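K.L.:
A structural model of the following input is requested.
(2 chains)
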Amino acid sequence: MYAFLARRLLAAIPVILVVALFVFLLLHVSPGDPAAIIAGDMASAHDIERIRARLGLDRPLPEQFIEWAWALIRGDLGSSIFSNLPVSRLIAQRIEPTIALTVLTMAIAIALAVPIGVLAAWRAGTWVDRLVMGFAVLGFSVPVFALGYFLIWIFAVRLDWLPVQGYSPIAQGLWPFLVSLTLPSLALGIVYVALIARMTRASMIEVLNQDYIRTAKAKGLSQWPVLLIHALKPASVPIVTTIGIGVALLLGGVVVTESVFNIPGLGRLTVDAILRRDYPVIQGVILVFVLIYLIINLAVDLIYTVLDPRIRY
Amino acid sequence: MPVQAARPRRSALWTAIRRHPTITLGMAIMTLLVAIAVFAPYLWTVDPMKINPIFRLRPPSQRNWFGTDHLGRDLYSRVIYGSRVSLQVGVAVALVATTIGALIGLVAGFVRWVDAIVMRIMDGLMAVPGILLAIALMALTRASFQTVVIAIVIPEVPRIVRLVRSVVLSLREQPFVEAAEAIGTRFHRLLLRHILPNAVAPLIVQATFICASAMILEAILSFLGAGTPPSIPSWGNIMAEGRQFVSVAFWILGFPGLFLTLTVLAVNLLGDGFRDMLDPRMRRRL
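P.N.:
The predicted structure follows:
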């Protein structure tokens, strides 16, 4: 187990390195003059020169990379061009809502998607199945911001049940916290629900056709134990894989959801940074998102061993 | 005679429709949308940029079918013209990403040392959420149609590379490839004539899904203010401008959102249908 953990952590290093190199090169080898673009159309030659020096763009490339990477290893992500604050501090201030939204969405989505998928597989070929699959295709097709505004319009504007926008930190009470995240989680989770429900259905149908399921039914077990114990557990490995793969989708959606619902998280930080072309902040946020992605996928791999005893690391 | 000839043809079409209902539905919506995009100027539209402050934030009516936005521009015309951006971006990204990804995947599948390097890069790219990668790219360039396409192509390429590579790996040891190598087929010919045709079916499916995802990404980039320049009406831009008016003028968000969803849905239906048609094994599974 520990050997596996160590091996997986080592395997994550090249991924982080590639991403780090990529975001570095993006700024430094992009066509045109990044300093001029970051400075904007109204900037004077002096401003552009100042930004170029700030970003180290006036020095040789390898030197810049070594310095940047060395700072990165020590946890120094540079500082914002706009506010001059260290990027690591900006991220620390904004990370709570993002993590809360991601985790809550995953929980809601899994709790919805798995039963729906099991139901569709159990009733495969009937109208229940078609309804679930139809919903899944629709779920893949609704852009998260369109759905977000639709939910706001229905539940906040028309029915006035939930707040339109905003975020209430968990420290100010669990109830307002959950209320403020309900609509964002639903909007963000729909794609994820569609993805997981489809995979659950596919995986369950495969398992339900196995001989041992027939045996279980033949020996007189009732429907539920067969479905939930004999079938769902072995069917869960591909489902868990999908949950892991879908995290990238979810994290991308977070950026959009936070702008729609005005949640002061990493996504908002990113969007504000784009509008100001605050490149060090964008770099830092990308690296943090990749880190979250890798951690969640590591957790997913560990869950495999619990679900399928045949998998030993 | 012509009457008798027409009957079997009609029933053949009917059989095809019955057998592939998702493709039929997707194709029908797509045809309609392409027609809308192509014939936008003739569909009772007015200049989508024409500002008319007296008529601002008007709800849908006889005069303005979809209402007007905060500058009094006709929303119907803007949404109709907006279909051009989505369709163009979707198709362009699907074509470019598939071509580049297929070439990289072919070479990576065949040449060991390239594979090692390329797949590390692809793993890295796949770990970054596509939206973030596209945002980062857009932050460094001046917004235009081309830069939007490039910014969306880069996060989509790894999907194609992985797909093509896996096809190549499974084919590399096949007798017909060995035979082709044995008679001295040149490398590029081997890849393009013997390997690539075997990847076409899954590529079409994947390209369709990339088209759908590119349309969503374009709308998101525009919505966040980092996409198509505001001078061009795109569904994402229209929604970005309407966001402050969600409680008083929902139609500004609703109509483009509806069109965008419908378009992406049509493309996804086509993708699902193609997958079922080209890979019958998958039919029962997903």
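K.L.:
Whichever residue of the stretch 101-250 of chain B sits closest to chain A and residue A:27, how far apart?
P.N.:
Of all residues in the stretch 101-250 of chain B, residue B:124 sits closest to chain A, at 2.8 Å by Cβ to the nearest Cβ. Every residue, glycine included, has its C-beta placed from N, CA and C. In this view, residue B:124 and residue A:27 are 16 Å apart by Cβ to Cβ, to the nearest Å.
K.L.:
next one: residue B:79
P.N.:
36 Å.
K.L.:
For residue 48, pull up the helix or strand it's in.
P.N.:
No chain specified, so I'll use chain A. helix A:45-54 (DSSP states H and E).
K.L.:
If you average the pLDDT over that helix, what comes out?
P.N.:
Mean per-residue pLDDT for helix A:45-54: 77.
K.L.:
Give me the helices and strands touching that helix, please.
P.N.:
Where contact means 3 or more Cβ pairs under 8 Å, 6 or more residues apart in numbering or on different chains; DSSP states H and E, helix A:45-54 is packed against helix A:34-39.
K.L.:
Which residues does the helix it packs on contact?
P.N.:
By Cβ atoms under 8 Å, 6 or more residues apart in numbering or on different chains, the residues outside helix A:34-39 that reach it are A:27-28, A:43, A:47-49, A:51-52, A:55, A:57, A:81, A:277-279, B:140-142.
K.L.:
Which of those are buried, as a ChimeraX select command?
P.N.:
What follows is the ChimeraX syntax selecting those of the contacts of helix A:34-39 that are buried according to 16 or more other Cβ atoms under 10 Å in any protein chain shown:
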select /A:27,43,48,51,52,55,57,81,277,278,279 /B:140,141
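K.L.:
List the contacts of residue A:123.
P.N.:
Residues in contact with residue A:123, defined by Cβ under 8 Å, 6+ apart, are residue A:129.
K.L.:
if we go to 10 Å?
P.N.:
Counting by Cβ atoms under 10 Å, 6 or more residues apart in numbering or on different chains, residue A:123 touches A:129-132, A:201.
K.L.:
Out of these, who's the most crowded?
P.N.:
Using other Cβ atoms under 10 Å in any protein chain shown as the neighbour criterion, residue A:201 leads these with 28 neighbours.
K.L.:
Indicate whether the one helix or strand that one maps to makes contact with chain B.
P.N.:
In the assignment (DSSP H and E), residue A:201 maps to helix A:174-208. Yes. Helix A:174-208 reaches chain B (Cβ under 10 Å from any Cβ of the partner chain) through A:191, A:198-199, A:201-203, A:205-206.
K.L.:
now stretch A:239-258
P.N.:
Yes. Using Cβ under 10 Å from any Cβ, we find that stretch A:239-258 touches chain B at A:245, A:247-256.
K.L.:
ok, the nearest residue to residue A:194 once chain neighbours are set aside - how many residues close by?
P.N.:
Distances taken as Cβ to Cβ, 6 or more residues apart in numbering or on different chains place residue A:139 nearest to residue A:194, at 3.0 Å, with adjacent residues excluded. Neighbour count of residue A:139, defined by other Cβ under 10 Å: 20.
K.L.:
Would you agree residue A:139 is in contact with residue A:188?
P.N.:
No. Counting by Cβ atoms under 10 Å, residue A:139 does not reach residue A:188; the two are 11.6 Å apart.
K.L.:
Please enumerate the shared neighbours of those two.
P.N.:
residue A:147.
K.L.:
What is the helix holding residue A:201 packed up against?
P.N.:
helix A:87-122, helix A:127-141, helix A:144-151, helix A:211-218, helix A:232-260 (3 or more Cβ pairs under 10 Å, 6 or more residues apart in numbering or on different chains; DSSP states H and E).
K.L.:
The third one - contacts with which helices or strands?
P.N.:
Counting contacts by 3+ Cβ pairs under 10 Å, 6+ apart, helix A:144-151 is packed against helix A:174-208, helix A:232-260, helix B:196-223, helix B:235-242, helix B:251-278.
K.L.:
how big is the angle separating the second one from helix A:211-218?
P.N.:
On the basis of axes from the mean of the first three to the mean of the last three Cα atoms, to 10 degrees, helix A:232-260 is oriented at 110 degrees to helix A:211-218.
K.L.:
pLDDT (mean, whole number) over helix A:232-260?
P.N.:
83.
K.L.:
Around chain A, pick out the residues from the stretch 51-200 of chain B.
P.N.:
B:117, B:119-142, B:147, B:154-155.
K.L.:
Can you say which of the residues you listed are buried?
P.N.:
By 16+ other Cβ under 10 Å, these give B:119, B:121-141, B:147, B:154-155 as buried.
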